[in-house]
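A.B. asks: Predicted structure and sequence below. I'll ask about it afterward.
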Amino acid sequence: MTGPLYDVVLAAHVLAAVVGFGALGASGASAAAARRSADPWSDAALVRYFAPGRNWVARVVLIVPVLGAPLLALGHGRDVPYPWPWIGLAIWTTATGVASSVLWPAERAIQRLLSAPARDARSGALAAAARRAERAATATSLAFAAAVVVMIWQPR
C-alpha cells in the first residue's frame, strides 16, 4: 500500500511530464508557425515566443525521472523488477536527448535569426531551423504518448 506522500510525488511527476512535454510541443507548433509565416519578423507572437533566452518551462521535462525514482522507493520497490519503469526511463532518455541535441539548438537558432534585422538573407536559415524544431518536437511528443501508454499499461 502507498501513502499520501506517494500520491503527491506521483502528481508532481505527472504534472512535470505534462508541462515539460507540452512546452516542447508548443515549441514545435511555434516553429511551424514561423516556417509557414510570410513574414515571421512582423508576427509579434512569434517574436515574443522566440525571444532570446532559455525555454525554462520546457526544461521541466528534466525533473520527470528525478520524481520517478522516489516513486519506485515510495512504492516499496514492488515495481523495480518490472520492465515498465525502465521502458519509461528509456523513452524519457530518448526524448530529452532529442530535445537537447536538436530541438533546443534549433530554438536558439530561431531566436538568433528572428532577433536579427536582415530578414531576406536569413529566411532560408529560419525555415531550416524551424523544420528541425518541428521534427524534434514531433519526436518528443510521440515519445510522451508512448510513455503515457507504458505508464498506464505497465507491462509486466
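C.D. replies: In hand now; what should we look at?
A.B. asks: got any ranges where this structure has weak pLDDT?
C.D. replies: Along the chain, the model assigns pLDDT under 70 to residues 1, 119-121.
A.B. asks: residue boundaries of the helices in this protein?
C.D. replies: Taking DSSP state H, the helices of the chain run over residues 4-36, 44-49, 64-74, 84-98, 104-114, 123-153.
A.B. asks: Pull out the buried positions in stretch 110-125.
C.D. replies: Neighbour-count burial for stretch 110-125, with 16 or more other CB atoms under 10 Å as criterion, is recorded at 110-111, 113-114, 122-123. Heads up, the C-betas are built off the backbone N, CA and C, glycines and all.
A.B. asks: circling back to that earlier point, mind checking the helices of the chain for the one nearest to A58?
C.D. replies: Closest approach to A58 among the helices of the chain (CB to CB): helix 4-36, 3.8 Å.
A.B. asks: on contacts alone, who are the packing partners of the closest one?
C.D. replies: helix 44-49, helix 64-74, helix 104-114, helix 123-153 (3 or more CB pairs under 8 Å, 6 or more residues apart in numbering; DSSP states H and E).
A.B. asks: Report how many residues lie close to S100.
C.D. replies: Residues contacting S100 under the criterion other CB atoms under 10 Å number 14.
A.B. asks: Quick one: end-to-end length of stretch 28-44, please.
C.D. replies: Distance between the boundary residues of stretch 28-44 (CA to CA, to the nearest Å) amounts to 17 Å.
A.B. asks: in it, what counts as buried?
C.D. replies: Quick answer for stretch 28-44 (16+ other CB under 10 Å): 28, 30-35, 40-41, 43.
A.B. asks: for stretch 79-94, same thing?
C.D. replies: Buried, per 16+ other CB under 10 Å, within stretch 79-94: 84-85, 87-89, 91-92, 94.
A.B. asks: re the thing from before, any chance of JSON lines for the buried residues of stretch 28-44, columns distance to V148?
C.D. replies: Converted to JSON lines, the buried residues of stretch 28-44 look like this (distance: CB to CB, whole Å):
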{"residue": "G28", "distance to V148": "18"}
{"residue": "S30", "distance to V148": "23"}
{"residue": "A31", "distance to V148": "23"}
{"residue": "A32", "distance to V148": "23"}
{"residue": "A33", "distance to V148": "25"}
{"residue": "A34", "distance to V148": "28"}
{"residue": "R35", "distance to V148": "28"}
{"residue": "P40", "distance to V148": "32"}
{"residue": "W41", "distance to V148": "37"}
{"residue": "D43", "distance to V148": "32"}
